[in-house]
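Colleague: Build me a model:
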Amino acid sequence: MGSPERLFSRKRTLHEILGGGLDVILWRQKDVTMRILLVALAAWVVFEKSGYTLLSLVSSVLLLLFVILFLWAKSAAILNRPAPPLPELQLSEEMVNEAAAIIRTRVNALLLVSQDMSLGKDSRLFFKVAAYLLLIYFVGGLTDFLTFSYTSLVIVLTIPAFYERCEDYVDKYVMMGYRRLLQLYVKLDEEYVNRFQHLVLEKKKLR
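Modeller: Have a look, this model is predicted:
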């Protein structure tokens, strides 16, 4: 028997495409994946059930951290103990220039693409972006950003792993469905689109 037909006519497995660096998504490092899920679940519970917002939580954590460091430094000075071992908190000019150059390149590329779409130079990209924005608008009306982010993380950490385990079956049935849709498209094209084009040509000839 030949090798099963793959989605997008690919020759490599999902793990080979994603690479070893994404073993967390494919549950090759189960401990790390479970920790990410548990931390995300804890963050979702904290924000969703306790009434905390991201700004209030960050400010509370920073306030607690500054109070601890302040009391530590004051007590160390009184008791002749070493001060808190803080690293040098300073950005070098090289780091700032590199970050600014990267941001500038990305923003210019985004502005160029936006200009092409606005002027109608790339219709296909325009319809893709419009579809994505409509999808985001629809999903945003159903849930809040926090729940959406947590759900997306769960999907990213479950769907690829499930697909890798059942890759042959999923590819088989998806390709079957794709062929049936293609047959339906050809049938509709022959019956309706060609007939409509034929009527248009006849009307033009009559004129």
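
Colleague: next one: phi and psi at E167?
Modeller: The phi/psi pair for E167 (degrees, to the nearest 10) reads phi -60, psi -50.

Colleague: How many residues are close by it?
Modeller: A count of nearby residues for E167, using other Cβ atoms under 10 Å, gives 16. C-betas here are computed from N, CA, C, even on glycine.

Colleague: Same question for Y150.
Modeller: Neighbours of Y150 using other Cβ under 10 Å come to 19.

Colleague: so it touches L41, yeah?
Modeller: Yes - checked against Cβ atoms under 8 Å, the pair Y150 and L41 is within contact range at 7.4 Å.

Colleague: could you measure F70 against L55, distance?
Modeller: 22 Å (Cβ to Cβ, to the nearest Å).

Colleague: So P82 is in contact with A76, correct?
Modeller: Yes - between P82 and A76 there is a contact under Cβ under 8 Å: 6.2 Å.

Colleague: which of those two has more neighbours?
Modeller: The residue with more neighbours, out of P82 and A76, is A76; 13 against 7, by other Cβ under 10 Å.

Colleague: what helix or strand is that one on?
Modeller: helix 54-78 (DSSP states H and E).

Colleague: For that helix, name the packing helices and strands.
Modeller: helix 30-49 (3 or more Cβ pairs under 8 Å, 6 or more residues apart in numbering; DSSP states H and E).

Colleague: Could you list every helix and strand in contact with the helix it packs on?
Modeller: Secondary-structure packing of helix 30-49 (3+ Cβ pairs under 8 Å, 6+ apart): helix 54-78, helix 145-165.

Colleague: for the chain, which spans come out with low pLDDT?
Modeller: Scanning the chain for pLDDT under 70 picks out the ranges 1-22, 189, 192-207.

Colleague: go again using 50 as the cut-off
Modeller: Applying pLDDT under 50 to the chain flags residues 1-2.

Colleague: quick one on the thing from earlier: neighbour count for F70 and L55, which is higher?
Modeller: The neighbour count for F70 versus L55, taken as other Cβ under 10 Å, is higher for F70 (11 against 8).

Colleague: measure that one to A76 for me?
Modeller: F70 is 11 Å from A76, by Cβ to Cβ.

Colleague: same check, this time on S152
Modeller: 45 Å.

Colleague: With Y178 instead?
Modeller: Going from Y178 to A76 by Cβ to Cβ gives 68 Å.

Colleague: what comes into contact with the helix holding A76?
Modeller: With contacts defined as Cβ atoms under 8 Å, 6 or more residues apart in numbering, helix 54-78 is touched by 46-47, 52, 81-84, 86.

Colleague: Same question for stretch 92-102.
Modeller: With contact meaning Cβ under 8 Å, 6+ apart, stretch 92-102 is reached by no other residue.

Colleague: let's go with 10 Å and repeat that
Modeller: Stretch 92-102 is contacted from outside by L91, using Cβ atoms under 10 Å, 6 or more residues apart in numbering.

Colleague: Check stretch 142-151 too.
Modeller: Contacts of stretch 142-151 (Cβ under 10 Å, 6+ apart): 37, 40-41, 43-48, 53-54, 136, 139-140.

Colleague: Okay, buried residues for that stretch please.
Modeller: Within stretch 142-151, the residues that qualify as buried are Y150, counting by 16 or more other Cβ atoms under 10 Å.
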